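> predicted model, plus sequence, below.
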Protein chains: 2
Amino acid sequence: MAEAEHVRKSRRSSGALTLREVAKLAGVAPITASRALNTPNLVSPEVLKRVQDAVERTGYVPNRIAGGLASSRSRLIAAVVPSTVVSVFMGTIESLNASLFDAGYQLMLGQSSYSAQREEMLLEAIIGRRPDGIFITGLMPPGRGRTRLVSSGIPVVESWDLTPTPIDMLVGFSHAAIGQDAAKYLLNKGYGRLAIVRAEDERANRRMTAFREEIHGRGGGEIFEVNVGAERSLKRGREALIEILQIVPNVDAVFCSSDLLALGVLTEARARRMAIPEEIAVMGFGDIPFVSDMVPSLTTVRINGEQIGAVAAQFLIDRAENRTIANPIVNVGYSIIVRESA
Amino acid sequence: MAEAEHVRKSRRSSGALTLREVAKLAGVAPITASRALNTPNLVSPEVLKRVQDAVERTGYVPNRIAGGLASSRSRLIAAVVPSTVVSVFMGTIESLNASLFDAGYQLMLGQSSYSAQREEMLLEAIIGRRPDGIFITGLMPPGRGRTRLVSSGIPVVESWDLTPTPIDMLVGFSHAAIGQDAAKYLLNKGYGRLAIVRAEDERANRRMTAFREEIHGRGGGEIFEVNVGAERSLKRGREALIEILQIVPNVDAVFCSSDLLALGVLTEARARRMAIPEEIAVMGFGDIPFVSDMVPSLTTVRINGEQIGAVAAQFLIDRAENRTIANPIVNVGYSIIVRESA
DNA sequence: TTGAAAGCGCTAACAA
DNA sequence: TTGTTAGCGCTTTCAA
């Protein structure tokens, strides 16, 4: 007892107020103060009040790092997003973050990169924090990273895609179905001289392959394709249309792998005074917020990104709190939004 | 010794591999293994190799939560961003995150909200994690929150604005100067019947006030203003122009508080077949990536958001590592990007 | 260069 | 309902 008095403030202390001091002020043991803060219904009203008063007076904020270590629950969720500034994923991340925050979790952001070495470092950094869950935009490709993730035992939600063999949980939709439906839609509208403008991207790949197959299955003709690589910019969309018109001057519809590319095609078509959608129709993907109000408005495929974030958050929270999830694979679907451009 | 053997795996253990086990494999004490990982130059080459081999064989990933608690350095940086999906701040956050990651720090994302109560909770959540630094997009208004932040002693970078009295560090630019320069630019170009379209936002406020003052100081006429509230959408920009034309049919230039609003004005003007910039000029703010390639391209104000993120990261890292910062207030400036719309 | 001891601030487990 | 004890997995401190 006297010993404890002597130690007081060791040289190692961070200096911030601790639960121990708050408990002393309230005249209870540290664990009781802990209960008052975390499970108030396990504590008598008087004690609860004394602890709350002490917290109020001192401005004490519990150290969640220490709590996390003691309970082996960090209340941290990591999200891995591709590094692209104006991204279709932002809505998902915002909604994920909002849902997590409401449940007392914090979001850690990791940007996936194209270098395998940095990818490895990112995974190390994430696993090192012992998050209670990991959200991945996209699917985790087979390889070292995936193996590590699996063996870490951390709950994982993959997203924005579908596969019969996810690492763990999955919230997504079928890119092949989108490609098929887009093909059907354009054929039904009477378009026949088709072109594709796409970025180099695994998911865009699948949409476009399904698009082609559907067209060919229905006796459609050749489809000219421009691959813009990694740069999904409006500018590249404009350039792509120029390229298309050189090869297929009478093209009548263009299916694009992103709204920004579609906007580029649309911009170039307008600059050339082509009638839209009579002379040329354009279809995008993503339904970014403002394409509905442009002239002409863009026909596109809408994904409910907020829903993906919300469902993923619920999955991760349920798993963190040891609840079982009836069906850990959810298909949120998509919708073709018909507007003026096609 | 025998005792230690008996304990082995307590019921509390998280089950993951620990430094202790890796050290045992390498035949050294835990602290030596720790040194091999953190300060390899303080360890003999042979020992270093033995530890590295053990890590390699086992796939050990150090628990940074435990490390953070022991060293009172979390290597976590918190960023507070306003919750708006397509935001001009994304470039800043990406660059902040990239710089932090390269230096071994992780970014925690917090969305600021308009409810004071949630704002309070966000601050609790952040301080509870004991981050080594906090990045705030914007300035922290005076009040309880600001006081808590100051008394937490955590290094803070405010951003995207200027003030003589930041909490701590600051990386931003002058909104008043932008308003002034925009006014000068439009007057010099010969425009005289001006209108403003703006969101309800403290910083937009300052730009617009300075804009007005500059115009009036130079003998300019009345300026009609449409305040769109919180909704910075293209659609609201279109509606704003309709409103303006009803009151000021001969308006010849519109200064907007964001590119998306400007795009809306532009869209509506084109829909009405108004000549741009002869009949009506439009100026935005933000230079979001694709406005350079639209027809007409948008004249706007460009902020180097990536630079803000990079400088802020350096500030926070320097402070976390106890380096002094010569000048903790940086003005990154801005540039007026002249394009076709004005 | 290496190690033993003693925490960091909190909570699980058990006891009263 | 409250408290005691013993960690969580790491790093600081001090000694060898």
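Arrived safely, thanks for sending.
> so what's residue A:340 up against?
Going by Cβ atoms under 8 Å, 6 or more residues apart in numbering or on different chains, residue A:340 touches A:276-277, A:295-299. The C-beta positions use only the backbone N, C-alpha and C, and glycine is treated the same way.
> ChimeraX command to pick out the buried ones of the residues you listed?
Selection of buried members from the contacts of residue A:340 for ChimeraX, criterion 16 or more other Cβ atoms under 10 Å in any protein chain shown:
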select /A:276,277,296,297,298,299
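> ok, the contacts of residue A:340 vs residue A:289, which is closest?
The nearest member of those to residue A:289, counting by Cβ to Cβ, is residue A:298 at 11.4 Å.
> distance check, the closest one against DNA strand D.
Distance, residue A:298 to DNA strand D, using Cβ to the nearest atom of the strand, to the nearest Å: 51 Å.
> distance of that residue relative to residue B:296?
Using Cβ to Cβ, to the nearest Å, residue A:298 is found at 19 Å from residue B:296.
> quick check: residue A:208 touching residue A:178?
No: using Cβ atoms under 8 Å, residue A:208 is not in contact with residue A:178, being 10.0 Å away.
> in a helix, residue A:301, correct?
No: the assignment for residue A:301, made by DSSP: H, G, I helix; E, B strand; the rest coil, is strand rather than a helix.
> for the nearest residue to it once chain neighbours are set aside, grab phi and psi.
Nearest residue to residue A:301 in three dimensions, chain neighbours excluded: residue A:285, at 4.8 Å (Cβ to Cβ, 6 or more residues apart in numbering or on different chains). Phi and psi for residue A:285, reported as degrees, to the nearest 10, are phi -150, psi 130.
> hmm, the helix or strand encompassing residue A:240 touching chain B?
The secondary structure element spanning residue A:240 is helix A:234-247 (assigned by DSSP states H and E). Yes: shown here: helix A:234-247 in contact with chain B (Cβ under 8 Å from any Cβ of the partner chain) through A:234-235, A:238.
> related to what we said a few turns ago, from the contacts of residue A:340, which is closest to residue B:135?
Nearest to residue B:135 among the contacts of residue A:340: residue A:298, at 34.7 Å, using Cβ to Cβ.
> does residue A:154 touch residue A:127 like I think?
Yes: using Cβ under 8 Å, residue A:154 is in contact with residue A:127, at 7.0 Å.
> what pLDDT does the model give the residue of the stretch 151-300 of chain A found nearest DNA strand C?
Closest residue of the stretch 151-300 of chain A to DNA strand C, Cβ to the nearest atom of the strand: residue A:153 (17.6 Å). Looking at residue A:153, its pLDDT reads 94.
> who touches it in this structure?
Going by Cβ under 8 Å, 6+ apart, residue A:153 touches B:15-16.
> quick one: it and residue B:63, what's the gap?
14 Å.
> where do the contact lists of the two overlap?
Common contacts of residue A:153 and residue B:63 (Cβ under 8 Å, 6+ apart): residue B:16.
> I'd say residue A:284 and residue A:237 touch.
No: using Cβ under 8 Å, residue A:284 is not in contact with residue A:237; the gap is 9.3 Å.
> who touches both of those two?
When contacts are counted by Cβ under 8 Å, 6+ apart, residue A:284 and residue A:237 are jointly contacted by A:256, A:261-263.
> check which residues of stretch A:259-269 are buried.
Buried residues in stretch A:259-269 (16+ other Cβ under 10 Å): A:259-269.
> cool, stretch A:321-328 as well?
For stretch A:321-328, using 16+ other Cβ under 10 Å, the buried residues are residue A:328.
> need the contact partners of it.
Here stretch A:321-328 makes contact (Cβ under 8 Å, 6+ apart) with A:166, A:168-170, A:315, A:318-319.
> how about it, does it reach DNA strand C?
No: using Cβ under 7 Å from any atom of the strand, stretch A:321-328 stays clear of DNA strand C, coming no nearer than 11.6 Å.
> gap between the two ends of that stretch?
Start-to-end span of stretch A:321-328 (Cα to Cα, to the nearest Å) is 15 Å.
> care to break chain A down by domain?
A:2-62, A:74-173+A:305-334, A:175-302 (automatic domain parsing).
> just to revisit the earlier point, ok, and of the residues of helix A:234-247 next to chain B, which contact DNA strand D?
Among the residues of helix A:234-247 next to chain B, no residue is within reach of DNA strand D (Cβ under 7 Å from any atom of the strand).
> and the helices in the stretch 201-342 of chain A, which stretches?
Counting by DSSP state H, counting those that start in this stretch, the stretch 201-342 of chain A has these helices, from start to end: A:202-217, A:234-247, A:259-271, A:305-320.
> pick the most buried one from those helices.
Each of the helices of the stretch 201-342 of chain A was scored by mean neighbour count; the highest is helix A:259-271, a mean of 26, by mean count of other Cβ atoms under 10 Å in any protein chain shown.
> can you tell me what sits against that helix?
For helix A:259-271, the surrounding residues in contact (Cβ under 8 Å, 6+ apart) are A:86, A:88, A:197-199, A:228, A:232-242, A:254, A:256, A:276, A:279-280, A:282-288, A:291, A:294, A:296, A:298, A:300, A:341, B:290, B:293-295.
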